[in-house]
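Trainee: model the following, please.
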Amino acid sequence: MSQRFVHLHNHTEFSLLDGANRIPAMVGRAKELGMDSLAITDHGVMFGVMEFYWACKEAGIKPLIGMEAYVAPNGHKKRSGREDNDRAHLLLLAKNLEGYRNLCKLATIAALEGFYSKPRIDHELLRQYGAGLIGTSTCLSSEICRALLREDYVQANHIAGMYKEIFGEGNYFIELQDHRLAEQERIRPQLLRLSKELDIPLVATNDAHYLCKTDHDSHELLLCIQTNDVLSNSKRMKFNTREFYLKSQEEMEALFADVPEAIGNTGYVADMCEVELAANRAGMPLPELPEGETPGSYLRKVATESLPRRVQECDEAAWERLKFELDVIESTGFESYFLLVREFANYAREQGIHYGVRGSAAGSLVSYAIGITEVDPLHYDLTFERFLNPERVSMPDIDMDFEDARREEMIQYVTGKYGSERVAQIVTFGTMGAKAAIRDTSRVLGKPPQEADRICKCIPNTPGITLEKALEEIAEFKQLVASDPEVREIVDKAKSVEGRVRHCGVHAAGLVISGEPLVEYVPLYRGNEGQPITAFEMGVLEKMGLLKMDFLGLSNLTVLAQTVRIVAETRGEHLDIGSIPLDDEATFEMLGRGDTTGVFQLESPGMRRHIQELKPRNVKELSAMVALFRPGPIKHIPEYIDAKYGRKKPEFLDDRMQPILEETYGVIVYQDQVLKSVRAVAGFTLGKADLLRKAMSKKDKSALDALLEDFLKGCAANGVEQRVAKKIWTRLEPFAGYAFNKAHAVCYAILAYQTAYLKAHYPVEYMAALLGAYMEKEDRVITLIDECRRQRIPVLQPSINRSGISFGVEGSAIRFGLAAIKGVGTGMVSSLIEERAANGPFRHLYEAAERLKPMGATKPVLEALIKAGALDEFGQNRLTLLGYVDGALSFADSANRDRNAGQVSLFGEGEQVADVVHYPELPEAEPPDRAQLTSMEKEVLGVYVSDHPLRGYERLLPQMSTHRCGAITELDDGTPVRMAGVVSNVRTLVTKRTGEKMASFRLEDFSGQVGVIVFAKTFAKLGDQVENDTVVQVEGAVMHRERRNGGEKDIEVRLDQLQRLDPPLALDLASPDSMAGTVVIQISRATEADLKRLSKLLADHPGDYGLRLDVLVGKQVVPIFPALTVDPQDGLIRRIPKAVPGAEVTVMSADESKALAHRP
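Mentor: Numbering: from 1, shown residues only. Okay, the predicted model is just below:
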């Protein structure tokens, strides 16, 4: 028996927000301590197993693969009451490949069948899948330790005996731990007794949750983040000693000097474990092949036969390119992969599912020839080597985008074709970035949110920025940390949790497909909606050789598909979106105007501005703009535009780079250009160029330094001066890390063009499709309705007799869909439409209730329909209809009851009687005023349709705002903003920490809406002014807030100041009376300072209205006619009495016969 010590019980950061050990550091520390073996045993999961396995192998340490499982006392499927939530711990280690596979199965069943707060197994599952596993009794949370703490030795003895029987002789161990806890000391004699009486060997472990003793505080921070608690709470979940770290053998021997065999047995257990995973690789499924064909022969046959049909000028160069690609594909062994993806593409096409391919795969002529892609790589000069080359033998990526509404259909097809046990979506892990670490740490330390905002404001939004790097590069941040001890404490503690795994989720696109059951190779976990996902992330699966696909749901493809369907229905035209002309004048004119709302990739304010300046004339220029509008390259957009228009001469630096950069006017736009340039001037091979791309992307300084040396040598060998070579390198380096590959940019540019084409030629249909695609996203619907108004496309309220499920086209207008009404539900909407189709339109509230009540219509459903305006066509106002809902439902019950009774007792067999029902007249109530009407619509539609609370404020809003509500998503954290809009969704709450009140609300203008947070101190001053349906001006700062479950950041505004706005003057500029009118200002007294203020105010409001000052001099009014014309609606009338106290303002018609507005 070996007498060395091995750590058998260790938690990594994949014991989410509990384990603090990063795998590379833990393996490195074990190496430092002279250990030859190490285990990974995370809580209930196997997320980090492969990363741990490879790290150990690289370090020369034997990896022991395990898991600390949760055991449900009453069966893993039972989910009721506290007893079922009182799960126990059990340590499992794999002895061999069979044990590893059983461990995968147990982890999978625990997640998919036994999840109840945590993934759980039970005793029966252990009996079924216990072969090849070693078990230990674990910590104080084990069944045995809990029984002993209850002083129930008999039960503990029974459990230990049961586990000995389950795992088999010599495969179960009593685990001893000593963290200087009183409970451990109390039960230790009983554990030793169990070991002796049942002949179960002992092992000593330390349940390591962090690396060194000094990491205890960092671990406590993680626990508080996990439990949403603060460090100052004495009753919070915590580890009560600082002993849960990776101890040395000497420290462990000192703790267990009385039982040395517990130390020696750890080495014995390590020797029992022999798990080799390198050869544990699942093959990919086989494609469907005609008899007598191999994947290689069939791919070559299909590509060769299809090329002449797909390529217009199928010359010798095209055939040579095809042969080269086929040879590379065959030499790398990926023929089956291409044929499988072709099957997916063919199925989508057959089912009418719009799809696209993005990324470097569009550079493959084979992919184009066999129908996977629709982008001709010869026409756009796309390189195959960026996708696959003989020196880069890793699994190629063909990433596919589908209509988001039908992505699940594609997943179901693949699952049905290959079997549910062979297909799964993929896990993704969210880590704490610099700002998230600051916000979490600040909260855990009990600091107010404003403190975190103040610190985060100094940290740039640069992707991958770390706190350490921000301290090096940002002087303001460095000064803040140096000058403020509280900030320094937050930053120092945040560094210890920065970068750690915070949560897991489902990858937006990833799908893994295996030729054999996945669970034999990969444990599965439970996705957000209970779906099976792999417990290994995408990079791990690729390294294991599994077939990984990207199936991304893209809303823009749904919009394309829906527009085509609507055009077919309303115009009878059958559009083939893949065949539209790519040089359409109207489309490019629209883009040149910056009319890009709703256009894929081109609608952000920054992009719109650049597109207006560029005025693109072809897809290649669109592609360049898509590629340049990214961190890093974005600063070169002006250079690109100036070079296009001849305002700047392109600089190529070396003649060999001219053909590479000519298309983009001398500006490096694509990754491909970087790779081609280093090959042209420095003679890099394909493999070395790809190494450079990766090193630049990761900003790997040591790798870059070595490659720079090679680059300079290569340039010198090719006759490039060192000065020029260094200049070329300096130009190339910033781009490689951020730039798109060209194929990806071209794919996105074509999709952008297609959406722009539809908007230019089918604006009503396209906007209806857009609204339907984003129906559940209020912010987006607000923006799109504003765009419809700008295009003079009427957006009509829902109609019980005209609306479909989604937004539809009605003549030259767009009609709201019934599914957009909150509280009605898609099931009810479908039933309503079916009933309408079967029995005709609805004519009366009582009739609607009678027909819909049997389908489940309730009072809230009818009220929602009324508030949305869907029953306006019945001829009564909405308040009238709301007042009769109860009566209508009672009538429906009575009518349906009578009809049912009559059908049974009166009708003869086969007879039918036409019922003639007279519905009662509904006396009219007072109609709702404008505020009531808009409030109803906002409540049930989320947007204002028939009117808007801001109507009349249109010309005032720009002066009162630095930003529109819908345009803050591009702003940096901490950016000061001033906005005006209408308040909705006011919520007040009491803070846990101080018991103070705070609030949140939504602020909406015509462009969209934004969340506003009112922290306690501000609420104390301004809380009484925060009220729904009021029009206000707010001042504050942008906040980027991490969501607790990951995903996109919430971008909100922190409120600092709020001012209510007076109702706008009732001045109708469209009225004939108002044309060329006059603003009359009556001044009874004024100081020189008053007149100076007035003069500046008038000059700041130029317009078409004349101006007359009626000044009281003594007892006589003297008219003065300044040589100014003004705009009375730009807040001028409201502000004049504030500039000159006592002044009265009147707006007169052109002939001064009528006062259009008056402000005393």
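Trainee: distance of the closest residue to residue 816 other than its chain neighbours from residue 845?
Mentor: With C-beta to C-beta, 6 or more residues apart in numbering as the criterion, residue 816 has its nearest non-adjacent residue at 4.2 Å, and that residue is residue 798. Every C-beta, even on glycine, is put in place using the N, C-alpha and C of the backbone. When C-beta to C-beta, to the nearest Å is the yardstick, residue 798 and residue 845 sit 15 Å from each other.
Trainee: on that earlier part again, quick one, what contacts the residue nearest to residue 816?
Mentor: Residue 798 is in contact with 815-818, 820-821, 865, 868-870, 941, counting by C-beta atoms under 8 Å, 6 or more residues apart in numbering.
Trainee: in its sheet, what does the strand ranked longest in the chain sit against?
Mentor: Looking across the chain with DSSP state E, the single longest strand is strand 976-990. According to DSSP bridges, strand 976-990 has the following sheet partners: strand 997-1005 (antiparallel), strand 1031-1041 (antiparallel).
Trainee: mean pLDDT, mean neighbour count and distance to residue 422 added to those strands, as CSV?
Mentor: Putting these into CSV (pLDDT from 0 to 100; neighbours: other C-beta atoms under 10 Å; distance: least, C-beta to C-beta, whole Å) gives the following:
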stretch, mean pLDDT, mean neighbour count, distance to residue 422
strand 997-1005, 93, 22, 45
strand 1031-1041, 90, 21, 39
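Trainee: out of those, the one nearest residue 203 is which?
Mentor: Comparing the strands paired with strand 976-990 by their distance to residue 203 (C-beta to C-beta), the top pick is strand 1031-1041, with 45.2 Å.
Trainee: alpha carbons only: can I get that closest one in CSV?
Mentor: Taking only C-alpha atoms (Å, rounded to 0.1, in the frame of the first residue of the first chain), the coordinates of strand 1031-1041 have been written out as CSV:
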residue,chain,number,x,y,z
VAL,A,1031,-44.5,63.7,-19.0
VAL,A,1032,-41.1,64.5,-17.5
GLN,A,1033,-37.6,65.5,-18.2
VAL,A,1034,-35.0,63.3,-16.4
GLU,A,1035,-31.3,63.7,-15.9
GLY,A,1036,-29.0,60.9,-14.9
ALA,A,1037,-26.3,58.5,-16.1
VAL,A,1038,-26.3,55.3,-18.1
MET,A,1039,-25.9,52.0,-16.1
HIS,A,1040,-24.8,48.7,-17.6
ARG,A,1041,-26.1,46.0,-15.2
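Trainee: how far off centre is that strand?
Mentor: The gap between the average C-alpha position of strand 1031-1041 and the chain average comes to 22 Å, counting by C-alpha atoms, centre = their mean, to the nearest Å.
Trainee: the stretch 751-900 of the chain: helices as residue ranges?
Mentor: Secondary structure of the stretch 751-900 of the chain (DSSP state H, counting those that start in this stretch): helices at 763-773, 778-790, 826-839, 845-852, 859-867, 878-883, 885-905.
Trainee: for the first one, packing partners?
Mentor: Under the contact criterion of 3 or more C-beta pairs under 8 Å, 6 or more residues apart in numbering; DSSP states H and E, the helices and strands touching helix 763-773 comprise helix 555-571, helix 742-761, helix 778-790, strand 808-810, strand 813-815.
Trainee: in CSV, list these along with mean pLDDT.
Mentor: Formatted as CSV, the entries for those read as follows, by pLDDT from 0 to 100:
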stretch, mean pLDDT
helix 555-571, 95
helix 742-761, 96
helix 778-790, 90
strand 808-810, 95
strand 813-815, 95
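Trainee: could those go into JSON lines alongside distance to residue 244?
Mentor: Converted to JSON lines, those look like this (distance: least, C-beta to C-beta, whole Å):
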{"stretch": "helix 555-571", "distance to residue 244": "47"}
{"stretch": "helix 742-761", "distance to residue 244": "46"}
{"stretch": "helix 778-790", "distance to residue 244": "45"}
{"stretch": "strand 808-810", "distance to residue 244": "62"}
{"stretch": "strand 813-815", "distance to residue 244": "62"}
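Trainee: closest one to residue 636 among the ones you listed?
Mentor: Taking C-beta to C-beta, helix 742-761 is the member of the helices and strands packed on helix 763-773 nearest to residue 636, at 14.3 Å.
Trainee: and that closest one with helix 763-773, angle?
Mentor: Taking axes from the mean of the first three to the mean of the last three C-alpha atoms, to 10 degrees, one finds helix 742-761 and helix 763-773 inclined to each other by 120 degrees.
Trainee: run the chain-centre distance for helix 742-761.
Mentor: Using C-alpha atoms, centre = their mean, the offset of helix 742-761 from its chain centre is 22 Å.
Trainee: returning to what we had before: so which of the contacts of residue 798 sit within strands?
Mentor: Residues of the contacts of residue 798 located in strands (DSSP E): residue 815.
Trainee: got the domain boundaries for the protein?
Mentor: The chain breaks down by automatic domain parsing into domains covering 23-272, 295-428+506-555, 433-499, 580-630+741-761, 645-739, 788-901+927-941, 957-1060, 1072-1159.
Trainee: quickly find the element holding residue 1051.
Mentor: Taking DSSP states H and E as the definition, one finds residue 1051 inside strand 1050-1060.
Trainee: and the contacts of stretch 1084-1100?
Mentor: For stretch 1084-1100, using C-beta under 8 Å, 6+ apart, the contacting residues are 1081, 1107, 1111-1112, 1122, 1124, 1126, 1132, 1135-1136, 1139-1143.
Trainee: quick one: mean pLDDT for it?
Mentor: Computed over stretch 1084-1100, the mean pLDDT rounds to 80.
Trainee: swap in stretch 601-612?
Mentor: For stretch 601-612, the per-residue pLDDT averages 92.
Trainee: ok, and for it, which residues are buried?
Mentor: By neighbour count, and taking 16 or more other C-beta atoms under 10 Å as the criterion, the buried residues in stretch 601-612 are 601-603, 605, 607-608, 610-611.
Trainee: and for stretch 870-886?
Mentor: Neighbour count says stretch 870-886 has 870-872, 874, 876-882, 884-885 buried, by 16+ other C-beta under 10 Å.
Trainee: just stretch 1106-1117 next, same as before
Mentor: By neighbour count on 16+ other C-beta under 10 Å, the buried set for stretch 1106-1117 is 1106-1111.
Trainee: moving C-terminal of the helix or strand of the chain with the lowest mean pLDDT, what's the next helix or strand?
Mentor: Lowest mean confidence among the helices and strands of the chain (mean pLDDT, DSSP states H and E): helix 81-85, at a mean of 54. Following the chain from helix 81-85 toward its C-terminal end, the next helix or strand by DSSP H and E is strand 88-94.
Trainee: hey, where'd the strands end up in the stretch 1051-1160 of the chain?
Mentor: Remark: strands of the stretch 1051-1160 of the chain, listed N- to C-terminal, are 1078-1083, 1102-1113, 1116-1120, 1126, 1144-1148, 1155-1159; assignment by DSSP state E, counting those that start in this stretch.
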